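In: prediction below, plus the sequence it came from.
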Amino acid sequence: MSAEQRRERRRTLPRALTTNPLKHKLAPGLAVAAAAVGVAWLVHRTVPGMPFLTAAVILGILAANLPGTRSPVSGVLQPGLEFSGKKFMRLGIVLLGLKLSLFDVAALGWGTLGIIIAIVLLTFLGTLLLGKALKLPGDQPILLATGFSICGASAIGAMSGVTKTDHRDTVVPIALVTLCGTLAIGVLPLLKIPLGLDPVQFGHWVGASVHDVGQVVATAQTAGPAALAGALIVKLTRVLMLAPMVTCVALVRRRRSNNRAGSPSGGPDDTVKLPPLVPFFVAAFMAMIVVRTLGILPPPALGLAGTAQDLLLAAALFGLGSSVRVKSLLQTGGRAIVAAMLSWALIAVLAYGGVQLM
C-alpha cells in the first residue's frame, strides 16, 4: 500500500466507522412512531374514555390508509415502524411483568384462580378451533386465540416470537383484538344493570373478558373504584398465563419439528430450526414478576417502569397498526372478523359464568 493510499484510508475510515446505514434507515420511522405516541397521549388526555394504547394503534391504521401518509408509511418509514412493532413490543412485554405480584394473585384464593385459568384455557381452545373451522390462514388461529384469551396485542406479540410469524402477518389478529376491546368499552357498561351485576362483580367480569389492560381500565372505571380494583387483579392474573401458554406452544412446535426431522422423507442433510422453549423476552417477563413479588424496586422505580412500558407498547402498536391495509383486511379478513366476534362473545359468556361462581 502506497503512502497516498494509507493517507486516503485514514481520511475515510472515521467516516466509515461513524456511518450506520441501518441507523439511518430506522431513524425516520422511529421518529414518526415517537411523534405518534405523543399524539396518542394527547388524544387520551382529551378523551379519557379512549385508552392510550388503543389510540396508538388507531393512529397507525389511519397513517397506513390515508392518501397523504400511505406512501411514506409503506416506503421510507417502513423499516423504523417494523422495528418498533417487533422490538418495542418485546421490551414492553418484559416491563409488563412489573405490574403483577404473585401475592396479589394468591389473595384471590384457589377457587377464583382456578376459574380464571379455566376461562383462559376454554377461550384459547374455543378460539383456536373456531379459527381452524373457518380455515383462517397461517398462524391466525393461534394468534387470535392467544390475544383474546390472555392480554390482547401483547400476548399476540409474545406468541408470534415462538411461532416465528412474520411481523406483517400479526396485524390482522392485532387489529381485530383491538377492535373488540374497544367495542367492549362502550358495550359492557350498558349490560351491567340488565345482567344484575354489582360493582365488584362487574369489575371481575371486565377483568376476565376484556383484552388489553388499558381497555380494562377504561371499561371498569365506569362502575367506580371497587370495580376497577377487582378488574385489574383479575386481568393481571390472566396476564400471568402468558408464560405457560407460550411455553406449551413452544413444546408442541419443537415436538413437531423433531418429528419432521426424523421422518423417513427427511434426508440426512435436512435441518429443522427448533423454536425456543422459552423466548428470552418471555423469561425476562417472568423474572420481572419475581422482582415485583419480592419488592426489590421502590414505588418510584415501578412508576417509571410503568410509564416506559406504556410508551414502548404505544410505539409498537402504532408500528403494527401502520401495517394494516383496510382494503385488504375487508377483502381477505371476513372469516377472521367472524372468528373474532365469536371469540369475543365466547369469553364474555364464560367470564359471566365464572363471575357467578366466584
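Out: That came in fine, so what should we check first? Numbers count the residues shown, from 1 in each chain.
In: where does this protein dip in pLDDT?
Out: Using pLDDT under 70 as the threshold, the predicted model of the chain has low-confidence ranges 1-24, 167-168, 257-279, 328-329, 331-333.
In: could you point out the longest helix of it?
Out: Scanning the chain for the longest helix, with DSSP state H as the assignment, gives helix 21-46.
In: number of residues surrounding I193?
Out: Using other C-beta atoms under 10 Å as the criterion, I193 is surrounded by 9 other residues. (Each C-beta comes from the backbone N, C-alpha and C, glycine too.)
In: before we move on, which element is it in?
Out: Using DSSP states H and E, no element contains I193; it sits outside every helix and strand.
In: sorry, back to before: name the helices or strands packed onto the longest helix of the chain?
Out: helix 52-65, helix 78-83, helix 299-321 (3 or more C-beta pairs under 8 Å, 6 or more residues apart in numbering; DSSP states H and E).
In: go through that helix and flag the buried ones.
Out: Of the residues in helix 21-46, those scored as buried under the neighbour-count criterion (16 or more other C-beta atoms under 10 Å) are 26, 28-30, 32-33, 36-37, 40-41, 43-44.
In: try stretch 74-90
Out: In terms of neighbour count (16+ other C-beta under 10 Å), stretch 74-90 has its buried residues at 77-90.
In: closest to T219 out of the residues you listed?
Out: Checking the buried residues of stretch 74-90 against T219 with C-beta to C-beta, the nearest one is M89 at 22.9 Å.
In: that closest one contacts M159, doesn't it?
Out: No: here M89 lies out of contact with M159, judged by C-beta atoms under 8 Å, at a distance of 11.3 Å.
In: ok, back up a step: got the buried residues of helix 21-46 as TSV, with distance to K99 columns?
Out: Shown next, in TSV, are these (distance: C-beta to C-beta, whole Å):
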residue	distance to K99
L26	29
P28	32
G29	28
L30	25
V32	28
A33	23
A36	23
V37	19
A40	20
W41	19
V43	23
H44	18
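In: how far is the longest helix of the chain from where the chain is centred?
Out: Offset of helix 21-46 from its chain centre (C-alpha atoms, centre = their mean, to the nearest Å): 18 Å.
In: for stretch 123-138, same thing?
Out: Relative to its parent chain, stretch 123-138 has a centroid offset of 18 Å by C-alpha atoms, centre = their mean.
In: got it, and stretch 250-258?
Out: With C-alpha atoms, centre = their mean, you get 23 Å for stretch 250-258.
In: just the buried positions in it, please.
Out: Residues of stretch 250-258 classed as buried by neighbour count (16+ other C-beta under 10 Å): 250, 253-254.
In: which residues touch the residue lying closest to W205 once chain neighbours are set aside?
Out: In space, and not counting its chain neighbours, W205 is closest to V355: 4.9 Å by C-beta to C-beta, 6 or more residues apart in numbering. Residues touching V355, when contacts are defined by C-beta atoms under 8 Å, 6 or more residues apart in numbering, comprise 197, 201, 204-205, 208.
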